[in-house]
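Asker: starting from these lines, generate the structure:
(chains A, B and C)
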Amino acid sequence: MICRRLAQHDFESDTLHVARMLLGKYLVIRHGTSTLSGCISETEAYCGEEDKACHASKGRTARTEVMYGPPGNWYVYMIYGMYHCLNVVTEPVNRPCAVLIRGVVDVKGLPQPLKTDGPGKVCKAFGINRSYNSTPAYGSQADMWVEDRGVEIHDNQVIKSPRIGVHYAGEYKDKPWRFLLSEHPA
DNA sequence: CTATTGATGGTC
DNA sequence: ACCATCAATAGG
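Answerer: Numbers count the residues shown, from 1 in each chain, chains lettered A, B, ... in the order given. Prediction:
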């Protein structure tokens, strides 16, 4: 069975391409001796300063700094004071883009099943917080990474839609930059 | 529809 | 130092 960790260069390409590519890949996190993993089922692309829905539309700040750095680092932020959202930085240095991981299915390693159909719930189930911000999502040293387990996702399994919760984003609010599996492969 | 919750960025 | 807003979620 194929089981390859993605490499940094896998995150360097166009953000829409990465968001589509991540569907069917596996998010894996190591907590000490235990490991959690699940199949990525929903993503959204956030594409640079010109994208009014992207946090980097406000320019370079302490929060967005990681997006201006090299691709393949995690971008984790807190939203509404209660939830964390997990993103991975894409595209070359100084091009502030990221993919939000909104849904993970078929999660293995939890003591009991938890709903993971939303970005806040993904982070809660996986125990993801700000301490992961700016850490690499690739390489053998990573605590949390993405694996290709050979699951092929065809275009007829992928639904594209506008992104959630970005009504304020002007001409960018209706861009079909959300990608989700119509049925998950498990 | 509302309440929750605190980080964040903009303004004073 | 304030203040409005927010890439969410649960509950009516």
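
Asker: give me every residue that touches A:Asp14.
Answerer: Applying C-beta atoms under 8 Å, 6 or more residues apart in numbering to A:Asp14 gives the contacts A:90-91. The C-beta positions use only the backbone N, C-alpha and C, and glycine is treated the same way.

Asker: mind listing what A:Ile79 touches?
Answerer: Residues in contact with A:Ile79, defined by C-beta under 8 Å, 6+ apart, are A:85, A:120.

Asker: same question for A:Pro162.
Answerer: A:173-178.

Asker: and what of A:Gly118?
Answerer: A:Gly118 neighbours (C-beta under 8 Å, 6+ apart): A:102-103.

Asker: still on that earlier bit, who wins for neighbours among the contacts of A:Pro162?
Answerer: A:Trp177 (24 neighbours; other C-beta atoms under 10 Å).

Asker: what's the average pLDDT for the strand of greatest length in chain A?
Answerer: Identified as the longest strand of chain A according to DSSP state E is strand A:34-47. For strand A:34-47, mean pLDDT rounds to 97.

Asker: returning to what we had before: among the contacts of A:Pro162, which ones are in helices?
Answerer: Judged by DSSP state H, helices contain none of those.

Asker: taking those residues one by one, which sit in strands?
Answerer: A:Arg178.

Asker: from the contacts of A:Pro162, pick the one nearest DNA strand B.
Answerer: Distance to DNA strand B, by C-beta to the nearest atom of the strand, is smallest for A:Lys173 among the contacts of A:Pro162, at 16.9 Å.

Asker: who are the contact partners of the closest one?
Answerer: Contacts of A:Lys173 (C-beta under 8 Å, 6+ apart): A:52-53, A:162-163, A:166-167.

Asker: tally of neighbours for A:Leu180?
Answerer: Neighbours of A:Leu180 (other C-beta under 10 Å): 19.

Asker: tell me the residues on chain A that lie near DNA strand C, please.
Answerer: A:44, A:46, A:53-56, A:75, A:79-80, A:82-83, A:85, A:87, A:98, A:100, A:102, A:115, A:118-122, A:163-166, A:168 (C-beta under 7 Å from any atom of the strand).
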